[in-house]
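A.B. asks: Test case, fold it:
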Amino acid sequence: MSYTTAAALQAAIHGRLTAALDVPVLDAAPDGEPGTWVLIGPEDVRDRSDKSGAGAEHRLVLSVVSDAEGFLRAKGVAGAICDALTPPMQMTRGRIAALWFDRAVARRLDAGRTRRIDLTFRARVEDSTGEA
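C.D. replies: Model (predicted):
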């Protein structure tokens with residue numbers, strides 16, 4: 001297996017979150033942009049091919065960044081992300097066989113002016129066009 005389904009997975013997640021959330025969903029942090037937004041962040045991908053076909057496990061991080069006072073706004077968006085990321089999701093290549101929430105880390109940044117919650121998910125993706 002390779003990294004062949006990574007872009008399709010990101011596009012599927014971006015599409016789902018854009019439709020479900022009332023905040024911007026980005027794959028690059030905006031320079032000094034105020035407000036609350038979601039950042040599609042780093043991922044770690046491991047081969048999970050087997051005799052039935054090609055596959056990979058993606059561990060991906062989605063970050064909620066907010067300058068709202070307290071964590072309430074950021075936690076509301078983080079919860080909405082968890083609600084939204086349920087299969088099935090259409091992909092341009094392959095399919096999501098399973099999607100799990102793994103963990104979350106909430107912290108203050110910039111001397112407490114910014115809240116950030118990093119949500120880690122695991123996605124098992126099968127590539128119907130690839131070979132094991």
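
A.B. asks: so where is this structure shaky, pLDDT-wise?
C.D. replies: 1, 129-132 (pLDDT under 70).

A.B. asks: all helices of it, in order?
C.D. replies: 6-20, 72-84 (DSSP state H).

A.B. asks: so how far is the shortest one off the chain centroid?
C.D. replies: Between the centre of helix 72-84 and the centre of its chain there are 12 Å (Cα atoms, centre = their mean, to the nearest Å).

A.B. asks: Next, the angle from that helix to helix 6-20.
C.D. replies: Going by axes from the mean of the first three to the mean of the last three Cα atoms, to 10 degrees, helix 72-84 is angled at 120 degrees with respect to helix 6-20.

A.B. asks: List the contacts of the nearest residue to residue 48 once chain neighbours are set aside.
C.D. replies: Closest residue to residue 48 apart from its sequence neighbours, by Cβ to Cβ, 6 or more residues apart in numbering: residue 55 at 4.3 Å. For glycine as for every other residue, the C-beta is placed from the backbone atoms N, C-alpha and C. Contact analysis of residue 55 by Cβ atoms under 8 Å, 6 or more residues apart in numbering lists 1, 47, 48, 49, 97, 124, 125, 126, 127, 132.
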